[in-house]
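*Asks:* Here's my sequence, what's the structure:
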Amino acid sequence: MVPKILRQDFHGLDQIIPFGRGQEKDSAWSSCENVMSLTEGRKSIHSPKTAVHAPRVPFPFLQDDVYDIGPATIRFAGIPEFAIDKTRPSSRNLFMEPDEQLPIDRRQWLQRAATAAGASLALTSGCSCHEEKPAAPSKGPLLFPGKVEMRIVNDRPPCLETPWNYFQQDLTPNDAFYVRWHLQVIPTKIDLRSWRLRIGGHVERPIEFSIEDLRRLESDTIIAVNQCSGNSRELFQPSVAGAQWGNGAMGNALWTGVPLRKLLNAAGLKAGAGDVSFLGLDRGGIPTIPDYVKTLKIDKAREPEVLVAYEMNSQPLPMLNGFPARLVVPGWYATYWIKALSEITVLTKDFDGYWMNKAYRIPTTPQAQESPQSLATETTPIHRMNVRSFFTAPESGARLALGQTCPLEGIAFDGGDGIERVEVSVDGGQTWRETALGDDLGRFSFRRWKMPWQPEAAGDYTLKVRATSRAGETQPAEAVWNRAGYMRNVIEQWSVTVG
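*Replies:* Below is the predicted model:
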């Protein structure tokens, strides 16, 4: 069952989006023939055994937006350029009830595309980029257009961290999903009439797809964790350079799109195809900064789970999270999940670009470990995620009542083997108890866990949690260090006070 996620208002944008007319159909997506149905023509990879309902959280909006809907375009007046908005009015709940129906036609999809893309940033005709102006430095939460209050790790390019309370839900809401861009000039204007995804290189027939072309194809869905390679970097000791993320550079979402291998097959792979490269619309701003290009080996690119996604939690992708389409590589770190995807190129040899050969590399040692005194001499591109687990409740530092049962809750995930068990210690790691696992939403998803705990005495407690994958991988007791601050997965601990 497809989750019913948020119903967004249009806010803060100036966008021109075309739409057509068509007859309604009896399906969750109605309208004309080139619209894919949510209930027909889509299959789910590792579909959940039970329904996943949308989280109920507030979604910020602007009441003063102007909506002028004409017969051939949708035009909205709002924020004229990318900006941090510190003055938005109070939020209201715009999520649908779990039992509400979600009828939507082609016009509505494009309207929601306007919401998802343009609500974040100002959009007009043409595919272009805008170099955003830096905001005042702040470690506190501020509002980027289309996002709730998030910790701003960096404002240029945007690096926004998901607030921890949102991880109490199966799916991370779009407006709270973390953001990570690498280059200074990010796309802020996209006209769906002219946007195309182009596939070329070592293929029989170079081909391009519009957003409607992609949506006409049979779509797949998958629930998968997207995690930055440097998630938790600020916790490394000794400290390392790079975006100083806490633990919130991750999120879990339902992704909908077309399997990459179908698009490659449409182009026709020639014999000798090797790497496949992916390029988005972001740019470095000056010629000496290399484009952000990542590659997959042809066999990896043809795995059935790898998607070109155009929806996130049953909504068009938000602009800050890759509108109108992005690569989804379940189980691998987000460095490969190219946003605002524009070009796919099939190569005949190994790619030697900067973002593969110089950046995002880890030691070839076990657990990618090295030390400041003895740096590894051999490195390899980072790829598959390791196993992790976290507490989500109670809050760290919470004061709990003596004699009352307190539910300990959290999440666990890994690179695609799935979670076998999660254990918790309430005595600093001396003894461990196995927790109850929640619904299995697929091997690439968060797996929720829960354990009731009734403290026997007042005092300060150190709680620890560790996960073990079905492949037998477990979390280390001591933190692993590497120069880039990647792949932290040490046993996490929480401090609480009882009494």
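
*Asks:* measure stretch 472-488 end to end?
*Replies:* 18 Å (CA to CA, to the nearest Å).

*Asks:* buried sites along that stretch?
*Replies:* Buried residues in stretch 472-488, defined by neighbour count with 16 or more other CB atoms under 10 Å: 473-475, 480-488. In short, each C-beta sits where N, CA and C put it, glycine included.

*Asks:* Could you tell me which of these are located in helices?
*Replies:* Nothing among the buried residues of stretch 472-488 maps onto helices, per DSSP state H.

*Asks:* Now for those residues: which two are most distant?
*Replies:* Greatest spatial distance in these: 474 and 483, 24.5 Å, computed using CB to CB.

*Asks:* still on that earlier bit, same list (the buried residues of stretch 472-488) but as JSON lines, adding pLDDT.
*Replies:* Output for those, formatted as JSON lines (pLDDT from 0 to 100):
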{"residue": "473", "pLDDT": "98"}
{"residue": "474", "pLDDT": "98"}
{"residue": "475", "pLDDT": "98"}
{"residue": "480", "pLDDT": "97"}
{"residue": "481", "pLDDT": "98"}
{"residue": "482", "pLDDT": "98"}
{"residue": "483", "pLDDT": "98"}
{"residue": "484", "pLDDT": "98"}
{"residue": "485", "pLDDT": "98"}
{"residue": "486", "pLDDT": "98"}
{"residue": "487", "pLDDT": "98"}
{"residue": "488", "pLDDT": "98"}
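
*Asks:* so which helix or strand takes in the closest residue to residue 296 other than its chain neighbours?
*Replies:* With CB to CB, 6 or more residues apart in numbering as the criterion, residue 296 has its nearest non-adjacent residue at 5.3 Å, and that residue is residue 276. Here residue 276 sits within strand 275-280, counting by DSSP states H and E.

*Asks:* Kindly report the same for residue 258.
*Replies:* Judged by DSSP H and E, residue 258 forms part of strand 250-259.

*Asks:* could you give the mean pLDDT of that strand?
*Replies:* In this model, strand 250-259 has a mean pLDDT of 98.

*Asks:* mind giving me the domain split of the protein?
*Replies:* Domains of the chain are assigned by automatic domain parsing as 16-357, 388-498.

*Asks:* To residue 363, which of those domains lies closest?
*Replies:* Closest to residue 363 of the domains of the chain, according to CB to CB: domain 388-498, at 5.9 Å.

*Asks:* Phi, psi for residue 439 please.
*Replies:* Torsion angles at residue 439 (phi, psi; degrees, to the nearest 10) stand at phi -60, psi 140.

*Asks:* Now do it against residue 170, distance only.
*Replies:* 8 Å (CB to CB, to the nearest Å).

*Asks:* Show me which of those two is the more surrounded one.
*Replies:* residue 170 (24 against 14; other CB atoms under 10 Å).

*Asks:* sorry, back to before: closest one to residue 371 among the domains of the chain?
*Replies:* domain 388-498 (6.3 Å).

*Asks:* from the chain's centre, how far out does the closest one sit?
*Replies:* 22 Å (CA atoms, centre = their mean, to the nearest Å).

*Asks:* Count the residues that sit near residue 272.
*Replies:* 11.

*Asks:* Which helix or which strand is home to it?
*Replies:* Counting by DSSP H and E, residue 272 is part of no helix or strand.

*Asks:* Please look at it and residue 348 and confirm they touch.
*Replies:* Yes - if you go by CB atoms under 8 Å, residue 272 and residue 348 touch, sitting 5.4 Å apart.

*Asks:* any shared contact partners between those two?
*Replies:* With contacts taken as CB atoms under 8 Å, 6 or more residues apart in numbering, the residues that reach both residue 272 and residue 348 are residue 202.

*Asks:* in the stretch 101-250 of the chain, which spans are strands?
*Replies:* 128-131, 141-142, 150-155, 158-161, 179-180, 185-189, 197-201, 207-209, 219-227, 250-259 (DSSP state E, counting those that start in this stretch).

*Asks:* Same list as before, the ones you listed that is, but in a markdown table and with mean neighbour count and distance to residue 282 included.
*Replies:* Listed next are the strands of the stretch 101-250 of the chain as a markdown table, based on neighbours: other CB atoms under 10 Å; distance: least, CB to CB, whole Å:
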| stretch | mean neighbour count | distance to residue 282 |
| --- | --- | --- |
| strand 128-131 | 16 | 7 |
| strand 141-142 | 16 | 21 |
| strand 150-155 | 21 | 14 |
| strand 158-161 | 24 | 11 |
| strand 179-180 | 27 | 11 |
| strand 185-189 | 24 | 5 |
| strand 197-201 | 19 | 15 |
| strand 207-209 | 18 | 20 |
| strand 219-227 | 25 | 17 |
| strand 250-259 | 26 | 19 |
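
*Asks:* Which among the ones you listed is found nearest to residue 366?
*Replies:* Comparing these by CB to CB, strand 219-227 comes nearest, at 20.4 Å.

*Asks:* and the closest one, what other elements does it pack with?
*Replies:* strand 42-44, strand 250-259, strand 326-328 (3 or more CB pairs under 8 Å, 6 or more residues apart in numbering; DSSP states H and E).
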